[in-house]
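Enquirer: Everything below, folded, please.
(2 chains)
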Amino acid sequence: GAVVSQHPSRVICKSGTSVKIECRSLDFQATTMFWYRQFPKQSLMLMATSNEGSKATYEQGVEKDKFLINHASLTLSTLTVTSAHPEDSSFYICSAQAENNYGYTFGSGTRLTVV
Amino acid sequence: DAKTTQPTSMDCAEGRAANLPCNHSTISGNEYVYWYRQIHSQGPQYIIHGLKNNETNEMASLIITEDRKSSTLILPHATLRDTAVYYCIVRVRAGANNLFFGTGTRLTVIP
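Expert: Numbers count the residues shown, from 1 in each chain, chains lettered A, B, ... in the order given. Got it, this is the predicted structure:
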């Protein structure tokens, strides 16, 4: 079945630094990838939708200059949290949709802690 | 996509069947019912989906009412590893749209 690999699974960074999270589709090509954020005891909230070769579409309230998304290939999307602050600490999850496939596969998530 | 309503939490004894309900009274004819679950600190995992017929796979069964306004996910023999938040999602199958996650049902399987 379709597998999405997300790295790192856990990262701690200092306030003001940037962190890059990778999301890879291992056995299929993903034309569309989604990035979600989940705070403790809350549901997943969509941050942005990225399409291979084009700019990402951000949800209302999500700063595109702070959360940089790059989907340069059909198997890799990256989310960079720039100038991270403690309030950015959260669980970030990516999902991918294969071309001509209506299913969604999720990565294992990245626990970001900004200190 | 139509909205869904699920109970906030449920308990189930280990080895018994877990029946998780979902109301989706505004579902339209081309919308499917999807079920995902999220075990603590992991990404969501696909369980099953259906349109109007009941469906069964190695993980669960999905029972959809004839009017399609509600459905029930059945885990036939719940284990402790089935403790998770279960999300019922309604959406059209085609199209590159995200999945909208409601609050889900927190299922706790009790030894």
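
Enquirer: what residue lies at the spatial centre of the chain?
Expert: You didn't say which chain, so I picked chain A. Closest to where the C-alpha atoms of chain A average out (Cα atoms, centre = their mean) is residue A:35, at 3.8 Å.

Enquirer: sorry, should have said chain B
Expert: Centre-nearest of chain B using Cα atoms, centre = their mean is residue B:35, 3.5 Å out.

Enquirer: could you list every residue that touches it?
Expert: B:20, B:22, B:46-49, B:60, B:62, B:73, B:86-89 (Cβ atoms under 8 Å, 6 or more residues apart in numbering or on different chains). Yep, even glycine has a C-beta here, placed from its N, CA and C like the rest.

Enquirer: Skipping adjacent residues, who's closest to it in space?
Expert: Spatially, and ignoring its direct neighbours in sequence, residue B:35 is nearest to residue B:47 (4.3 Å; Cβ to Cβ, 6 or more residues apart in numbering or on different chains).

Enquirer: Make sure the one you found is indeed in a strand.
Expert: Yes: according to DSSP: H, G, I helix; E, B strand; the rest coil, residue B:47 belongs to a strand.

Enquirer: Excluding covalently adjacent residues, which one is nearest to the residue nearest to the centre of chain A?
Expert: The nearest residue in space to residue A:35 (Cβ to Cβ, 6+ apart) is residue A:47, at 4.6 Å.

Enquirer: ends of stretch A:44-59, how far apart?
Expert: 13 Å (Cα to Cα, to the nearest Å).

Enquirer: Please identify the buried residues of it?
Expert: Neighbour counts over stretch A:44-59 (16 or more other Cβ atoms under 10 Å in any protein chain shown) mark A:44, A:46, A:47, A:48, A:49, A:50, A:52, A:56, A:58 as buried.

Enquirer: Now flag whichever of those is closest to residue B:7.
Expert: residue A:44 (18.7 Å; Cβ to Cβ).

Enquirer: phi, psi of the closest one?
Expert: phi -70, psi 140 (degrees, to the nearest 10).

Enquirer: just to revisit the earlier point, what distance do you get for the residue nearest to the centre of chain B to chain A?
Expert: Separation of residue B:35 from chain A (Cβ to the nearest Cβ, to the nearest Å) stands at 12 Å.

Enquirer: Great, nothing more from me.
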